[in-house]
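[1] give me the fold of what follows.
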Amino acid sequence: MDVSIDLGSTAAIDKLGTDTNQSNDDQTTSENISSSTIEEESPINQNALSKYFGKPEVDQKDDFFDSFPVQGPEDEHTHTRHRTISTSHEEKVCFEYEDRPASNPPLEVDQLKDFESFEGNEAESDPISENHLIQSHPLSESVSSHDTLPHIEDIKFDMGFNDGMYEAWIFNESTQKVLASIMADPNYVVNEQDLTKPCVLIEETITDPITDLMQKYNKTDRAPTLSLNDVQPDLAGLKKLLAGQAYRSAFNLTTHLLTAVGQGSDGWKSSETRHTPYTIQLWYTRIALLVKLRLYSLAETECHQFAFFEKPDLCYEFYCNDPDTNGRGSMVPFSMRILSAQLPQYLGKVDEGLERLSSILKVVRKISSNLLNGLAEDGSGLQLTEERRNASIQLWNRREVSVLHAMANALLSCKDYPAALSVYREILDLDRNNEDSIFSCMGRVYIMAGDIKRAEEYFKKSSVDTYINQGLLSIGKSDFNMASNWFSKAGRSEYVAANNLAVCQLYNGKLCSALELLQTLVDEDPIQCLHEGILFNLCTLYELESSLPWSKKSRLLSIVNEHKTDGFMTASLKLP
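    Numbers count the residues shown, from 1 in each chain. I've put the predicted structure just below:
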């Protein structure tokens, strides 16, 4: 049994959007989706991916934009343990659907750490990975605060007029030709192969696994909780389910909502599927929920229908002859493209995921280059005001940083530390406002790589997470007593530190103290501390303490039953 430590937050992902290239290995829709038997799919480690990260040869102007959860943060996505570090203290699912200029997306703490490595995550033989590095998940938009899924609670369905800044995209040549033909001839007939006709492929209802576990282990019913039956079958109901983290119910509702707009299970029979910003946001929500629930294969299957978002009917210009449709550019949210591009990584195909992210990065840099050269985002001669141009330059700079964070996460997941550090240096050039957090992330990467001296150098440049970073350095030196002292200074409200402190106590032979610490966290603040990572560690300690841990796990299940909705991942309770 391996014991792992949480490295807080090392990688970030800009809006969780994941789509760019679909994988060719589609799975049949006959998969049985039983929430009680959801499996986490582990990525396959592959190395030598540095080939994706040489700086492109660009002129000085373009160089200004060279560097990238993710939404910087990404995570949560526990997406089957990826080497990202989470520093957030809340269990938020940052599904960022909109990257309009507002505040930085919230940070994600998803899965603090594990005492046992999950499938496919055995630590390598470097100094600090022998038993103590935890694997986290993608965060969100910048290094200091990010997640992996679109901040689900903040989902916005904005169907208003767009000015082309957020929706801008440079499509492939064939798509541009079709759009030009439509705008030139209102009667132009588009070839059916140039259209997307997405339909609901997963008709099965995803049930609440806590219900089954309560019946099996506690012989009692599930506590009343927010579900599909408690909301209206409309957009307001969907938002309510998302806000309440009832993710399985929210997914089931998207099936009804998509069916209502002609994109249900028989949507493929329609001669033409009409897309709107609303329907695309529904699909984004649906796919992001599958990722949140770690049903990556199913997410990839449904996402594949959109053909990397390059079809002309996903553009506003395709409907230029419709008076009800205004705007230009793509209806597909940028974060949805990133989410799609990350799906292969969660399925163990890191190379493919990096190729998709590289394709997105290429377009982002081209758009930035166009803006710096006096053109519109798409390269046209459309006149932009100075204020509008500057706002767009800043937006696409942030998006470039987001893509780079997603790439760093992918590289960390396969332990290509040199390439990941190279990407972080690019991010540093682009995002000096967050250099403290970036230096902290780089220090943690050096710890994972076993270079304690360099890690110490980078931590000295950072003023964030000082106690946690010093504790991690001590762990790298196998000084668990000193590590315990540093984590203790962070205070109990620092759940990442408290979690790591419990691991150090275990290494110091204080199993009872470690158990008491985590159990107290859960008992005193179940709202904040019923975190899947903490519960997983606590259940592992129960197993170390006794050969009959079932009664204590059953008690935890009762607490989860009382405080959690159907979005909770019950695998953390380690109940068969």
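
[2] pLDDT below threshold where in the protein?
    Applying pLDDT under 70 to the chain flags the ranges 1-163, 267-272, 492-493.

[3] which parts of it are strands?
    72-73, 140-141 (DSSP state E).

[4] residues in contact with residue 454?
    Residues in contact with residue 454 (Cβ atoms under 8 Å, 6 or more residues apart in numbering) are 443, 446. For every residue, glycine as well, the C-beta is placed using N, CA and C.

[5] just the buried residues of stretch 538-558, please?
    Of all the residues in stretch 538-558, those buried under the rule 16 or more other Cβ atoms under 10 Å are 538-543, 549, 552-554, 556-557.

[6] let's have the residues you listed in TSV, adding distance to residue 370.
    Listed next are the buried residues of stretch 538-558 as TSV, based on distance: Cβ to Cβ, whole Å:
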residue	distance to residue 370
538	53
539	53
540	52
541	56
542	58
543	57
549	60
552	60
553	57
554	60
556	54
557	55
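
[7] and of the residues you listed, the nearest to residue 455?
    Residue 455 has its nearest neighbour among the buried residues of stretch 538-558 in residue 540, at 26.6 Å by Cβ to Cβ.

[8] how far away is that closest one from residue 257?
    Per Cβ to Cβ, to the nearest Å, residue 540 is found 40 Å from residue 257.

[9] any buried residues in the helix ranked longest in the chain, and which?
    Using DSSP state H to define each element, the chain has its longest helix at helix 386-413. Across helix 386-413, burial judged by 16+ other Cβ under 10 Å covers 389, 392-393, 395-413.

[10] so which elements touch it?
    Contacts defined by 3 or more Cβ pairs under 8 Å, 6 or more residues apart in numbering; DSSP states H and E place helix 386-413 against strand 72-73, strand 140-141, helix 334-346, helix 350-372, helix 417-430.

[11] mind putting the ones you listed in TSV, mean neighbour count and distance to residue 519 included?
    Shown next, in TSV, are these (neighbours: other Cβ atoms under 10 Å; distance: least, Cβ to Cβ, whole Å):
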stretch	mean neighbour count	distance to residue 519
strand 72-73	43	29
strand 140-141	37	30
helix 334-346	31	32
helix 350-372	22	37
helix 417-430	21	35
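
[12] so which of those comes closest to residue 232?
    Residue 232 lies closest, by Cβ to Cβ, to one member of those: helix 334-346, at 25.3 Å.

[13] which strands or helices does the closest one pack on?
    Counting contacts by 3+ Cβ pairs under 8 Å, 6+ apart, helix 334-346 packs against helix 277-292, helix 296-303, helix 350-372, helix 386-413.

[14] where's the residue nearest to residue 471 when sequence neighbours are not counted relative to residue 244, distance?
    Computed as Cβ to Cβ, 6 or more residues apart in numbering, the closest residue to residue 471 that is not its neighbour in sequence is residue 486, at 3.6 Å. Going from residue 486 to residue 244 by Cβ to Cβ gives 37 Å.

[15] of these two, which one has the most company?
    Neighbours per residue, other Cβ atoms under 10 Å: of residue 486 and residue 244, the larger number sits with residue 486, 23 against 19.

[16] quick one: contacts for the more buried one?
    Neighbour list for residue 486: 467-468, 470-471, 474 [criterion: Cβ under 8 Å, 6+ apart].

[17] ok, 7 Å please
    Contacts for residue 486 (Cβ atoms under 7 Å, 6 or more residues apart in numbering) come out as 467, 470-471, 474.

[18] now swap in residue 253 and tell me
    Neighbour list for residue 253: 228, 233, 237-238, 241 [criterion: Cβ under 7 Å, 6+ apart].

[19] rerun that using 8 Å as the cut-off
    Contacts for residue 253 (Cβ under 8 Å, 6+ apart) come out as 228, 231, 233, 237-238, 241.

[20] what do you get for residue 382?
    Contacts for residue 382 (Cβ under 8 Å, 6+ apart) come out as 164, 375-376.

[21] switch to 10 Å and redo it
    By Cβ atoms under 10 Å, 6 or more residues apart in numbering, the contact set of residue 382 is 164, 328, 375-376.

[22] out of the residues you listed, what pair is the most spread apart?
    Pairwise distances among these were taken by Cβ to Cβ; the largest, 14.1 Å, belongs to 328 and 375.

[23] more neighbours: which of the two?
    A direct count of neighbours by other Cβ under 10 Å for residue 328 and residue 375 places residue 328 higher, at 20 against 17.

[24] now the more buried one: how far from residue 561?
    From residue 328 across to residue 561, the span is 50 Å (Cβ to Cβ).

[25] is it true that residue 234 touches residue 278?
    No - in this structure residue 234 lies outside contact range of residue 278 using Cβ atoms under 10 Å: 11.4 Å.
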